[in-house]
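Engineer: Would you be able to build a 3D model of this:
(chains A and B)
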Amino acid sequence: KAGVTQTPRYLIKTRGQQVTLSCSPISGHRSVSWYQQTPGQGLQFLFEYFSETQRNKGNFPGRFSGRQFSNSRSEMNVSTLELGDSALYLCASSLGWGLRNTEAFFGQGTRLTVV
Amino acid sequence: AQKVTQAQTEISVVEKEDVTLDCVYETRDTTYYLFWYKQPPSGELVFLIRRNSFDEQNEISGRYSWNFQKSTSSFNFTITASQVVDSAVYFCALSEPQGGSEKLVFGKGTKLTVNP
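Structural biologist: Predicted coordinates for the structure are as follows:
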């Protein structure tokens, strides 16, 4: 059974540009969450999607957005990139909504570098 | 707000030594979930365990064991007879209710290096 797939694995962008990251969850999983990992702030929750609807959002500016498609694949978009957006972006998929009855399985992440 | 503290930033041991990774958490919720994840150099977070707040039984899985003590708000992780392949960053996390769902609040992680 395939795991969580994130593409691309590496990205280099220039300040002011925008970027789109993709996440394909485990087959049958309907929930996708996104996390940002930086050396300074650690792992921080961005948002969660379930059945194409955003269920939760973390404390990030509006430049960070996302969506989920009917096949549960998700994309996140960051507009007007800043140097501080350089990070490892991790996607997690789970069977259901929330964490009480399900585990979250993570992909290998997309490493974004903003120059 | 929920908080997870992993006081040990880095630990270095020699193969076959036992090692314990500490995790202390803060929450006002009566029902919550605790997790441990392993992050090898490849970057993927590998799920190790989930524990709910009502289950204080210790758990053992092979060389891994977890000690959950509600009285001290701790959820420590022990690796017995460590191996080089155990080298990774280990994260402790706590579920935080939000918008009818939960998100994970992570500690800063403990980097474990197991030397041959």
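
Engineer: start to end distance for stretch A:20-37?
Structural biologist: 17 Å (C-alpha to C-alpha, to the nearest Å).

Engineer: Who are the packing partners of the lowest-mean-pLDDT helix or strand in chain B?
Structural biologist: Every helix and strand in chain B was compared by mean pLDDT, DSSP states H and E; the lowest is strand B:101-106, with a mean of 83. Secondary-structure packing of strand B:101-106 (3 or more C-beta pairs under 8 Å, 6 or more residues apart in numbering or on different chains; DSSP states H and E): strand A:31-38, strand A:42-50, strand A:53-57, strand B:3-5, strand B:33-39, strand B:88-98. Where C-beta positions appear, they are placed from N, C-alpha and C, glycine not excepted.

Engineer: Next, the buried residues of it.
Structural biologist: Within strand B:101-106, the residues scored as buried using 16 or more other C-beta atoms under 10 Å in any protein chain shown are B:101-106.

Engineer: So which bits of chain B are right by chain A?
Structural biologist: Contact residues, chain B versus chain A (C-beta under 8 Å from any C-beta of the partner chain): B:33, B:37, B:42-47, B:50, B:52, B:91, B:93, B:95, B:98-109.

Engineer: again, 6 Å this time
Structural biologist: By C-beta under 6 Å from any C-beta of the partner chain, the residues of chain B that approach chain A are B:33, B:42-45, B:47, B:50, B:95, B:98-99, B:101-103, B:106, B:108.

Engineer: What does the pLDDT read for residue B:96?
Structural biologist: pLDDT, the model's per-residue confidence, is 77 for residue B:96.

Engineer: Okay, now the unreliable bits of chain A?
Structural biologist: For chain A, the stretches flagged by pLDDT under 70 are A:1, A:97-102.

Engineer: where exactly do the helices run in it?
Structural biologist: Counting by DSSP state H, chain A has no helices to list.

Engineer: Do you have the strands of it handy? List them.
Structural biologist: Ranges of strands in chain A, per DSSP state E, are A:5-7, A:10-13, A:19-24, A:31-38, A:42-50, A:53-57, A:64-68, A:74-78, A:87-94, A:105-106, A:110-114.

Engineer: Sheet-wise, list the partners of the fourth one with their directions.
Structural biologist: Put plainly, it is strand A:31-38. For strand A:31-38, the paired strands and their directions (DSSP bridges) read strand A:42-50 (antiparallel), strand A:87-94 (antiparallel).

Engineer: what about the spatially closest residue to residue A:24 that is not a sequence neighbour, distance to residue B:38?
Structural biologist: Spatially, and ignoring its direct neighbours in sequence, residue A:24 is nearest to residue A:5 (4.3 Å; C-beta to C-beta, 6 or more residues apart in numbering or on different chains). According to C-beta to C-beta, to the nearest Å, residue A:5 and residue B:38 sit 19 Å apart.
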